[in-house]
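>>> sequence first, predicted model second:
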Amino acid sequence: MTDNMNQTFTRAERMGAPQMTEQDRTVWISVSSETPVEQYFGTEILLHDRSAVDLSFFGGGAAPLLLGHDADEQIGVVEEARLDTKNRRLRAKVRFSKNPKAEEVFQDVMDGIRTNVSVGYRINKTETDEKTEVVTVLKWSPKEVSIVSIPADESVGVGRSDKTLEPKPEQPHRNVKMTEQIDVEKVRADAIAEAERKAAETLATRERAEQEHLEAVRKEVSEIHALGARHNMTDKAAEFASQGKSLSEFRGYVLENMPENKPLENTDIGMSDKEQRDFSMLRLLRATYRDNPQDREAAAFEIEVCREAADKLERDFGTKTKGFRVPTDVMNKWSQRTLSAGVDTQLIPTEHRAASFVDALRTKASVMRAGATTLQGLSGNVDIPAKNAISTATWVNGEGTNSTTSEPSFRTISLSPKDVSLYTDMTRRMQQQSSPDIEMLVRNDITAAIAKALDLAALEGTGALGQPTGVLNVVGLTKVANFAAVNPTFAEVVTLETAVANADALTGSTAYIGRTNMFGALKTTKKDAGSGEFVATGANNGGNVNGYPYIDSNAITDGNIYFGNWSDVLLGFWGGLDLVVDDSALALSGGRRLIIWQTMDVAVRHIESFAYGNDGI
């Protein structure tokens, strides 16, 4: 019966001996009774207790008097309704309209020609006797009453909308016996068959979803074990897998416990030292210029290794390349370059660390110069566990007194791939050059632009529109009192150190980061009236304030100055660079635009490690 709750039913009734008043065109009629009626769901009995019949609409003067349950044929209105609990009937006082159709019906009623009525009602609550299949309607709401032609207490009405009360086309309202319209057993059998079909579909869908989930779990467990094997952490990998922890959580654990600057994943394609030296971005760029066959032949090596790097990226991590994928092998040699004194006329790297591209960024990005932690060779999302609060030791108040314990709480720091894009323009002459200086110029331009974007993201990233969330916008950052002037005094600068010290975070790679103009001002601002000392000393990017390094960054907002333990800033890098060549932007001058995409992210391990201030503007 649950499916019937949103339908409107009808049942026919004899009007009885109507009490008619011709002058005000009103008639008292018998609307319904507890006579059993065959509906399509079984035998139905409408209870006529006061608690059973909801007359809030029907007895409120708004219920319509219809002709044959046709909502477009309203011939009057129900003015009043009374429940006769003694005789188990519902009676209504109806008033006929003065329209021609209503006038015609009213005269037939007055003459005793039309004597039959039918009520339309909503079922609200039922009770079913499983043995007799008798459905007792415990709560119901009459909605309309109609003058009909043929009375049939056993007849059935068809569900209607509350708003329109219009009959469904396939079962129009006709007061005929149910057995003359519908084969009840067939309807029941069809309903059972349909229910079984839907149940089978639901089961199949559930089984398919469970199978897909199991496959995903198996794949993730396999990747956890593979990552553990690469970093000699097989036991820990088995522990994470058995506890149902995710691959991103295990990546975070591995990053926390492996040697510094070691990539999480090996994204190299296996190029030799000579192949790395031979790779030329300029040749690759010229090869894409108007599809010149000679240039493409000259750059066949660069095109092939870029294609191999793109294939490896998609094969291992499911990531597609936007243009040419510069192999990480090449970027691992991205450092200071000189010409070889031997026969090799290509560019020769003077190697420093394994990840020279990151080293190149380190010389330009203030957060990296300040000691930010770099995480390289990432794949997929990474979740790094972090502690919110440490355990607290307490003194025990006497023999036999229980210890008051506190446990540390933990949170998760997440790194997920985010793309930064930049471009560098090359003139027609630059493209024709093969000078190491030109190649180095292009690479320096790329690293400088990425470094500036990285600084802005790490320090003041908004966390919206694809940006990471930088230190300034992490919840919980300490802001000291506004400076009295544009540039801080010595005492105001020291408040930043004090704020970090108060949080027990004055450790690690501590430094100030601010704009160049502020450092210049601090070098001419005296600490006090008598010492002759200045707030800042030393050269740009080599100076210090109160014994701590001061590092320039013109990517940040003018007037802001930050202090903190910068090793608590995490910088994640996913793979190499995507290079896309645009021939249209500088076409008139014969130049070309090189568009670069780098995937990275920023996270802050402990925001308590940082404080900042400004003049409040």
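Alright, I've got the coordinates.
>>> restrict the helix or strand where residue 310 lies to CA atoms and write it as CSV.
Assessed by DSSP states H and E, residue 310 sits inside helix 300-317. The C-alpha trace of helix 300-317 is given here as CSV (Å, rounded to 0.1, in the frame of the first residue of the first chain):
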residue,chain,number,x,y,z
ALA,A,300,64.9,13.6,-34.1
PHE,A,301,66.7,12.7,-30.9
GLU,A,302,65.0,15.4,-28.8
ILE,A,303,61.5,14.5,-30.3
GLU,A,304,62.1,10.8,-29.6
VAL,A,305,63.1,11.2,-25.9
CYS,A,306,60.2,13.6,-25.3
ARG,A,307,57.8,11.1,-26.7
GLU,A,308,59.3,8.4,-24.6
ALA,A,309,59.0,10.6,-21.5
ALA,A,310,55.4,11.3,-22.3
ASP,A,311,54.6,7.6,-22.8
LYS,A,312,56.2,6.7,-19.5
LEU,A,313,54.3,9.4,-17.6
GLU,A,314,51.0,8.2,-19.1
ARG,A,315,51.9,4.5,-18.6
ASP,A,316,53.0,4.9,-14.9
PHE,A,317,50.7,7.6,-13.7
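>>> what comes up buried for it?
Going by neighbour count (16 or more other Cβ atoms under 10 Å), the buried part of helix 300-317 is 302, 303, 305, 306, 309, 310, 312, 313, 317. In this view, the C-beta of every residue, glycine as well, is placed from N, C-alpha and C.
>>> just the closest of these to residue 470, please.
Of all the buried residues of helix 300-317, residue 470 sits closest to residue 317, with 25.9 Å by Cβ to Cβ.
>>> so which elements touch the helix holding residue 310?
Secondary-structure packing of helix 300-317 (3 or more Cβ pairs under 8 Å, 6 or more residues apart in numbering; DSSP states H and E): helix 273-278, helix 281-287, strand 324-326, helix 328-331, strand 569-582.
>>> buried deepest among those, which one?
Greatest average neighbour count among those goes to strand 324-326 (a mean of 26), per mean count of other Cβ atoms under 10 Å.
>>> so what are the sheet partners of that strand and their directions?
strand 569-582 (antiparallel) (DSSP bridges).
>>> quick check: end-to-end length of stretch 552-560?
Taking Cα to Cα, to the nearest Å, the first and last residues of stretch 552-560 lie 11 Å apart.
>>> next: stretch 560-577.
End-to-end distance (Cα to Cα), stretch 560-577: 32 Å.
>>> so what's the gap between that stretch and the chain middle?
Computed by Cα atoms, centre = their mean, to the nearest Å, the chain-centroid distance of stretch 560-577 equals 25 Å.
>>> any idea which of the helices and strands packed on helix 300-317 gets closest to residue 83?
Set against residue 83 and scored by Cβ to Cβ, those come closest in strand 569-582, at 73.8 Å.
>>> what angle sits between that closest one and helix 300-317?
Angle of strand 569-582 versus helix 300-317, following axes from the mean of the first three to the mean of the last three Cα atoms, to 10 degrees, is 130 degrees.
>>> give me the distance from strand 569-582 to the chain's centre.
24 Å.
>>> which other helices and strands contact the helix or strand following it?
Using DSSP H and E, the helix or strand that follows strand 569-582 in sequence is strand 592-604. Packing contacts for strand 592-604, counted by 3+ Cβ pairs under 8 Å, 6+ apart, involve strand 409-415, strand 418-426, helix 436-460, strand 569-582.
>>> ranking these by burial, who's on top?
Among the helices and strands packed on strand 592-604, strand 569-582 has the highest mean neighbour count (mean count of other Cβ under 10 Å), at a mean of 23.
>>> what is the mean pLDDT for that strand?
Strand 569-582 shows a mean pLDDT of 84.
>>> need the helices and strands packed on strand 592-604 in JSON lines with distance to residue 505, can you?
Formatted as JSON lines, the helices and strands packed on strand 592-604 follow (distance: least, Cβ to Cβ, whole Å):
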{"stretch": "strand 409-415", "distance to residue 505": "16"}
{"stretch": "strand 418-426", "distance to residue 505": "26"}
{"stretch": "helix 436-460", "distance to residue 505": "17"}
{"stretch": "strand 569-582", "distance to residue 505": "13"}
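>>> out of these, which is closest to residue 358?
Closest among the helices and strands packed on strand 592-604, using Cβ to Cβ: strand 569-582, at 6.9 Å.
>>> that older thread, any chance of the helices and strands packed on helix 300-317 in JSON lines, plus distance to residue 373?
JSON lines is the format used below for these (distance: least, Cβ to Cβ, whole Å):
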{"stretch": "helix 273-278", "distance to residue 373": "26"}
{"stretch": "helix 281-287", "distance to residue 373": "29"}
{"stretch": "strand 324-326", "distance to residue 373": "24"}
{"stretch": "helix 328-331", "distance to residue 373": "19"}
{"stretch": "strand 569-582", "distance to residue 373": "5"}
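>>> who wins for proximity to residue 416 among these?
Among these, strand 569-582 comes nearest to residue 416, with 8.7 Å by Cβ to Cβ.
>>> quick check: angle from that closest one to helix 436-460?
130 degrees.
>>> and the angle from strand 569-582 to strand 592-604?
Strand 569-582 and strand 592-604 are oriented at 160 degrees to each other (the same axes, to 10 degrees).
>>> what's the separation between residue 270 and residue 328?
Separation of residue 270 from residue 328 (Cβ to Cβ, to the nearest Å): 11 Å.
>>> repeat for residue 255
Distance, residue 255 to residue 328, by Cβ to Cβ: 17 Å.
>>> go on, residue 554?
Distance from residue 554 to residue 328, by Cβ to Cβ: 29 Å.
>>> again with residue 445
Relative to residue 328, and taking Cβ to Cβ, residue 445 is found at 20 Å.
>>> ok, and the closest non-adjacent residue to residue 591?
With Cβ to Cβ, 6 or more residues apart in numbering as the criterion, residue 591 has its nearest non-adjacent residue at 4.8 Å, and that residue is residue 427.
>>> was I right about the one you found contacting residue 594?
No - using Cβ atoms under 8 Å, residue 427 is not in contact with residue 594, being 11.8 Å away.
>>> comparing those two, which shows the higher neighbour count?
residue 594 (23 against 13; other Cβ atoms under 10 Å).
>>> for the more buried one, give the beta-bridge partners.
residue 424, residue 581.
>>> hmm, residue 423 and it touching each other?
Yes - counting by Cβ under 8 Å, residue 423 is a contact partner of residue 594 at 6.3 Å.
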